[in-house]
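Novice: show me the folded form of this:
(2 chains)
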Amino acid sequence: MTVCIFDIKRFAVHDGPGIRTTVFFKGCPLNCWWCHNPEGISPEIEHFTEEIEFDGITLNKELTVGRWIKVNDLMEELEKDRIFMEESGGGVTFSGGEPLMQHEAVFALLKLCSEAGIHTAVDTSGLVSEHILQQATELADLILYDLKSLDDKIHQEFTGVSNKKILNNLEITLKGQARVILRFPMVAGFNDKPADHNQLLAYLEGLENLDQVDILPYHPFGTQKYNRFNKKNRQNGFGIPSKEKINSLRDELINAGFAVNIGG
Amino acid sequence: MNDRIKKLRDQSLNAENRLSAERGILLTRFYQDDSIQHLSRPIQRGRCFEYILRHKEICINEGELIVGERGPAPKATPTYPEICIHTLKDLDILNAREKVSFSVDPQTRKSFEEVIIPFWAGNSNRDRIMDQLPVAWHDAYSAGVFTEFQEQRAPGHTVLGDKIYRKGMFDIIEDIETSIAALDLMNDPTAIRKREELMAMEITAKALVSYAERHAAALETMAGNEKSKGRKAELMEMARICRKVPAQKPDTFHEALQYYWFVHLGVITELNPWDSFNPGRLDQHLYPFYRKGLDDGSLDMESARELLQSFWVKFNNHPSPPKVGVTAEESNTYTDFCLINIGGLNEAGDDAVNDLSYLILEVIKEMRILQPSSMVQISRKNPDDFVKKALDIIKTGFGQPSCFNTDAIIQEMSRQGKSLEDARRGGASGCVETGAFGVECYILTGYFNLPKVLEITLNNGLDPRTGKQIGLETGDPAKFKDFAQLMSAFNEQLRHFIDIKVMGSNIIEQVFSSEMPVPFLSVLIDDCIANGRDYNAGGARYNTNYIQGVGTGSVTDSLAALKYHVFDQKTRTMGKYMQVLADNFKGHESFRYDLLHDTPKYGNDDNYADDILKEVFEYYFEAVDGRKSPRGATYRINLLPTTSHIYFGKVIRALPDGRKSGEPLSEGISPVQGADRFGPTAVLKSAAKIDHLRTGGTLLNQKFTPSFLDSEEGIDKVTRLIRSYFKMDGHHIQFNVVTADTLCQAQKEPEKYRDLIVRVAGYSDYFNDLGKDLQDEIIRRTEHEAF
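Specialist: You can find the predicted model right below:
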């Protein structure tokens, strides 16, 4: 069994507890305008030619984004940082892209990790079939569940998909075995208005089994990648949310009884 | 920091590094006296020590609590013409050079010209050594295959144990006399020499007591003239202390510190021993005095802090003696590597972190000065809280304290045959060197340029820079059939140059042991008195000679690149590859790009490269470990560079790993600058593949930006990194917490900063992975933080 990934990041410290290794799977059903991993959207391996200034001349170098890797070989990579994971209470995180687009392989990996005693997290957009999510909650220790907006019109406009299924799936996920942390990417000009936050709070307070919400403030750092990977950049209207707005949402969430991390 | 300490600290920071002729003149006067010519070498040296201490100017700085200066003023630095004579040209260079300069005033220059140089020229230890060393040694030395520590400085590299806190000099003199009384002059042919040694030791022990009394007298005079009641009382108390120690054992915290300081001055006045002597396990030695003072009310935490800070200033007043030539290049710094050890285990093997350990950490943080340097010993038994307090200082970005693995250090020493108790009482000194404090003479003999050996191998024994055939003819590499043949040729050359290095060190050791005894240092280090033998002649309980390997990352990556491109992927023939190197990559830019980005490299937890490092380590270990020296020392390896990786880089042309001619080599066991692409865990994994326990120290540096460590979470993550590395037997790790300057440099030369991690927003990332606009933003941010 093989999976298509575009990066393995060791010493990942913001994708769940402790020191982690995060695997970025290629392919995503969403197409968010602010995405900072645009190279993860297409499920295909992509080839580019890069112009590189080096030693005073310009080199044209082939650049390949994505590779197929056998599940067993990937496990070997994940085992490499086991000592750090054990020491720090860390583990591995499957992210992307949408890892559950390659759910069979992810499940195999989750089982292998579980057998090896490695803590696992799945970072998902939530836009997958119910039964896949259900199975993920049975196999993973932690689900990092992204929720972008409760306003379906806006959601559709900026992510390309409706949020209905995502919301429905969240409730199913929360009934599962795995711990769930909700991740809210906060983007100025998209979902940072008081009304957005009131709507979010009201919704979250109605959920059962959710105790932690992480706010991920938007950053424009993916911008350079759009040029590098020849993608259409649609980030002009977005901005970094203000500290006040971040803190105000954080305080409201804390008052509502949630543990909150900023930045995950 | 109170006003007094602030003033003392400023005085020290602002004092000019200058050359002092005082010691040179006194030494010359002593040796010009006909009546000393018939004396045995040890007695001569003992009397010389006494003469200098009796006649040198006493310097007591305003407001200080610990007294004694090596020169007539802070940072007035002596030379040691009996070891190495500075010519007038050297003085001009020292005076004028941009980095690590020492000002030389006309009077000093005149003293050198008229008194010191005429007497010592051609007559120093360095002259003796250079005369005796064979041509093969000189050739390899000039080519930059290795350096030699003892060429300009005396053997030293030792750290004091707990002896002075138990015994006054009078007690030690009794020990010396017991040893003399036990000599069998009728039947033991070595007894006469031993008696000379022991008598010389006694002379120096007494000399130190008189030297302290001179300070007491000066303090009493000052007290008489002092108008401020408070200062008058202080001066009287300091005078009392100088009358008591070092003659008798100390009973108070202040006495213990002052005693140590006199001893320190004695050691660095007697000669200029490499890697200056220091008190070692300071929190352990001082704790009983601290506890007692707090209990009987004679001391409180603030006065202890003030005394420690005053003590800290004394170290900073004493720059390393001026070096010249190659020695300046291998270690071009004012620091003299006094490395205070805190934490670790006690001799029973229990957690030794105490209240004083934490107080000393606070002192380090507040003082923030170059000297003394400091480190924390971290055993698995020490609490996380201790590690985190250390990281709180490290994150401020001045490179102190560094982190050491006590459990590894103890195993290293056990392997070398030291008793468990002696191992537990030890630690690390200098940069990272393992030692049994108070009982070991462990001499660093010089740095060894591993990539240079590869360069010579690739040229069939020829040094391409000097055009001399200085190595063996191990064959034309273009004709090598496989990688194993290249490795075996490299191993042969390595053994050849280690042979030369060891032969040279043995010659030098014999010169020191017969010509330059150090009776005072011998008083301090056990078992010199019991053995009746000098420190430089094997008198210590344990004797070790280290050869410090440099450029492990560069040599590994170069070998990995050759294996990958010539023998495995076959992208180049060896002949073509050699042409690329000869061209210094000009016209081969695309290939160099592939070498830097697409070729296995050490530091990425990739066995392709790391296995080569392990093999190189075995060759080096096998070539050195276990050899014996004339004084009975055993040769061992360690892996550290100080600044020699810059010098060693200058003497090597282009290397197969993509490094251009003249550029620096990798430092310590750190990966080649920028070669590590998978973050700190991969680096630590790679570095841990070296068998640290068979070394006497390794040096690993990691870089983080200040903001990464700016949260409890960040501190915790780094604590986990340290603990994990130490679980894998890593010896030492130091964190560079970088500034905007470095980040700007990283923008200009991204290839060299690929391992730089920065805190971006809610996440951390490699600096290189960020777009220019973001980099600019972070640089601006960091600069704001710096203010």
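Novice: what does residue 56 show for phi and psi?
Specialist: Unless you meant another one, I'm taking chain A. Dihedral pair for A:Gly56: phi 80, psi 0, per degrees, to the nearest 10.
Novice: how close does it get to B:Arg153?
Specialist: 43 Å (CB to CB, to the nearest Å). Bear in mind the C-beta positions are built from the backbone N, C-alpha and C, glycine included.
Novice: ok, the two, which is more surrounded?
Specialist: B:Arg153 (26 against 7; other CB atoms under 10 Å in any protein chain shown).
Novice: so who does the more buried one touch?
Specialist: B:80, B:83-84, B:271-274, B:321, B:323, B:327 (CB atoms under 8 Å, 6 or more residues apart in numbering or on different chains).
Novice: now, of the residues you listed, which are buried?
Specialist: B:80, B:83-84, B:271-274, B:321, B:323, B:327 (16 or more other CB atoms under 10 Å in any protein chain shown).
Novice: now, among these, which is nearest to B:Leu27?
Specialist: B:Tyr80 (8.1 Å; CB to CB).
Novice: and the nearest residue in space to the closest one that is not next to it in sequence, how far from chain A?
Specialist: Take B:Tyr80 and drop its neighbours on the chain: the residue closest to it by CB to CB, 6 or more residues apart in numbering or on different chains is B:Asn272, 4.5 Å away. As for B:Asn272, its distance to chain A is 43 Å (criterion: CB to the nearest CB, to the nearest Å).
Novice: dihedrals phi and psi, B:Asn272?
Specialist: Phi and psi for B:Asn272, reported as degrees, to the nearest 10, are phi -110, psi 60.
Novice: is it in contact with B:Pro81, as I believe?
Specialist: No: between B:Asn272 and B:Pro81 there is no contact, the gap being 10.6 Å when judged by CB atoms under 8 Å.
Novice: okay, now A:Glu62: neighbour count?
Specialist: Based on other CB under 10 Å, the number of other residues close to A:Glu62 is 8.
Novice: isn't there a helix covering A:Val3?
Specialist: No: using DSSP: H, G, I helix; E, B strand; the rest coil, the assignment for A:Val3 is strand, not a helix.
Novice: let me see the contact set for it.
Specialist: Going by CB under 8 Å, 6+ apart, the list of residues near A:Val3 reads A:25, A:68-69, A:71, A:74, A:102, A:105-106, A:109.
Novice: same deal with A:Asp81?
Specialist: Taking CB under 8 Å, 6+ apart, one finds A:10-11, A:19, A:21, A:90, B:681-682, B:685 in contact with A:Asp81.
Novice: what residue in the stretch 51-200 of chain A comes nearest to chain B?
Specialist: Ranked by CB to the nearest CB, the top residue of the stretch 51-200 of chain A for proximity to chain B is A:Ser88, at 3.8 Å.
Novice: ah, wrong one, I meant the stretch 101-250 of chain A
Specialist: Among all residues of the stretch 101-250 of chain A, A:Gln224 sits closest to chain B, at 3.1 Å; criterion: CB to the nearest CB.
Novice: secondary structure element for the nearest residue to B:Arg627 once chain neighbours are set aside?
Specialist: Nearest residue to B:Arg627, sequence neighbours excluded (CB to CB, 6+ apart): B:Tyr635, at 4.1 Å. Secondary structure from DSSP states H and E places B:Tyr635 in strand B:634-639.
Novice: and that strand, how far from the chain's centre?
Specialist: Remark: strand B:634-639 is offset 14 Å from the chain centroid, using CA atoms, centre = their mean, to the nearest Å.
Novice: what are the boundaries of the helices in the stretch 51-200 of chain B?
Specialist: In the stretch 51-200 of chain B, the segments counted as helices under DSSP state H, counting those that start in this stretch are B:88-96, B:106-111, B:117-120, B:125-132, B:135-143, B:163-166, B:169-181, B:191-225.
Novice: just so I know, which of those helices lies nearest chain A?
Specialist: helix B:135-143 (28.0 Å).
Novice: mean confidence score for that closest one?
Specialist: Here the mean pLDDT over helix B:135-143 is 97, rounded to a whole number.
Novice: quick one: buried residues of that helix?
Specialist: For helix B:135-143, by 16+ other CB under 10 Å, it's B:137, B:139-141, B:143.
Novice: how about low-confidence regions in chain B?
Specialist: B:327-332, B:397, B:754-755, B:757-766, B:769, B:771, B:773-774, B:777, B:780-787 (pLDDT under 70).
Novice: let's see that with 50 instead.
Specialist: B:761-764, B:782-787 (pLDDT under 50).
Novice: so what's the residue in the stretch 401-550 of chain B that chain A sits nearest to up against?
Specialist: Here the stretch 401-550 of chain B gets closest to chain A at one residue, B:Asn405, 14.0 Å apart by CB to the nearest CB. Applying CB under 8 Å, 6+ apart, we find B:Asn405 in contact with B:377-379, B:692, B:725-726, B:729-732.
Novice: and of those residues, the nearest to chain A?
Specialist: The closest of the contacts of B:Asn405 to chain A turns out to be B:Tyr725 (CB to the nearest CB; 8.9 Å).
Novice: that closest one and B:Gly551: what is the separation?
Specialist: 21 Å.
Novice: same deal with A:Asn169?
Specialist: 55 Å.
Novice: of these two, give the one with the bigger neighbour count.
Specialist: Remark: of A:Asn169 and B:Gly551, B:Gly551 carries more neighbours, 33 against 21, as counted by other CB under 10 Å.
Novice: the more buried one touches B:Leu665, doesn't it?
Specialist: Yes: with contact defined as CB under 8 Å, B:Gly551 counts as touching B:Leu665 (3.8 Å).
Novice: what do those two both touch?
Specialist: By CB under 8 Å, 6+ apart, the residues touching both B:Gly551 and B:Leu665 are B:449, B:451, B:641, B:645, B:648.
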